[in-house]
Structure formats: C-alpha cells, structure tokens
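K.L.:
how would this look folded up:
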Amino acid sequence: MAMKRGEFQNDLRRNLMGLDLSSIKLTDLERRRTEMLMEGMDIKSIAKEEGVSGSSVRGTLCFVDVKVYLHLNTLGR
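P.N.:
Okay, here's the model as predicted:
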C-alpha cells in the first residue's frame with residue numbers, strides 16, 4: 001500500500017528522535033539531508049535547496065531509513 005504524502009518523512013523523523021546520529025554510519029550526503037529533515041524541512045524543500053530532484057532526496061533518505069531500522073534492531077528497540 002502506498003504511503004500518504006509526508007508519511008515517510010514523518011515516520012523517519014519519529015524514528016530519529018533521541019538517536020545520536022554519530023552512532024549510525026552515514027555518508028556526508030546522508031547526514032546532511034537527515035539533519036535538514038530533522039530541522040523541519042520537507043523532502044521537496046531539501047531538493048529545491050540542493051538543486052536536485054525529490055526522488056534523489058527520497059532515495060537517500062530511504063537508505064537512511066534502512067540504516068536507522070537496522071541500528072534500532074541491534075539496540076533491541
């Protein structure tokens with residue numbers, strides 16, 4: 001089933017709450033886009049600021065989502 005607009009980024013924000021990003025191995029690009037998301041920017045705004053497509057930002061954040069999921073599983077959450 002498809003996610004509603006904004007649902008993915010809100011889920012990712014919720015999963016990142018209280019996590020120390022330095023404990024997750026992220027590339028510079030992943031870290032920068034994740035920090036922008038946590039500052040309240042949405043995917044469309046991040047894409048516009050970086051001059052890339054929303055699909056590019058969403059793809060990067062999908063990798064971050066998987067890394068966060070794996071990290072949380074190792075912590076037993």
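
K.L.:
So what's the predicted local confidence for the residue nearest the centre of the chain?
P.N.:
Nearest to the mean C-alpha position of the chain, by Cα atoms, centre = their mean, lies Leu61 at 3.9 Å. The per-residue pLDDT reported for Leu61 equals 95.

K.L.:
isn't it right next to Met36, touching?
P.N.:
No - using Cβ atoms under 8 Å, Leu61 is not in contact with Met36, being 9.9 Å away. Quick note: C-beta positions are derived from backbone N, CA and C, even for glycine.

K.L.:
quick one on the thing from earlier: what are the buried residues along the helix or strand harbouring the residue nearest to the centre of the chain?
P.N.:
In this assignment (DSSP states H and E), Leu61 forms part of helix 54-75. For helix 54-75, the neighbour count (16 or more other Cβ atoms under 10 Å) marks 56-58, 60-61, 64-65, 67-68 as buried.

K.L.:
Convert that helix to CSV, retaining C-alpha atoms only.
P.N.:
The C-alpha trace of helix 54-75 is given here as CSV (Å, rounded to 0.1, in the frame of the first residue of the first chain):
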residue,chain,number,x,y,z
GLY,A,54,12.8,15.0,-4.9
SER,A,55,13.4,11.4,-5.9
SER,A,56,17.1,11.8,-5.3
VAL,A,57,16.4,13.1,-1.8
ARG,A,58,13.8,10.4,-1.1
GLY,A,59,16.2,7.7,-2.3
THR,A,60,19.0,9.0,0.0
LEU,A,61,16.5,9.1,3.0
CYS,A,62,15.3,5.6,2.2
PHE,A,63,18.9,4.4,2.7
VAL,A,64,19.0,6.3,6.0
ASP,A,65,15.7,4.8,7.0
VAL,A,66,17.1,1.3,6.5
LYS,A,67,20.3,2.1,8.4
VAL,A,68,18.2,3.5,11.3
TYR,A,69,16.0,0.4,11.3
LEU,A,70,19.0,-1.9,11.4
HIS,A,71,20.6,0.3,14.2
LEU,A,72,17.4,0.2,16.3
ASN,A,73,17.2,-3.6,15.9
THR,A,74,20.7,-4.0,17.2
LEU,A,75,19.7,-2.0,20.2
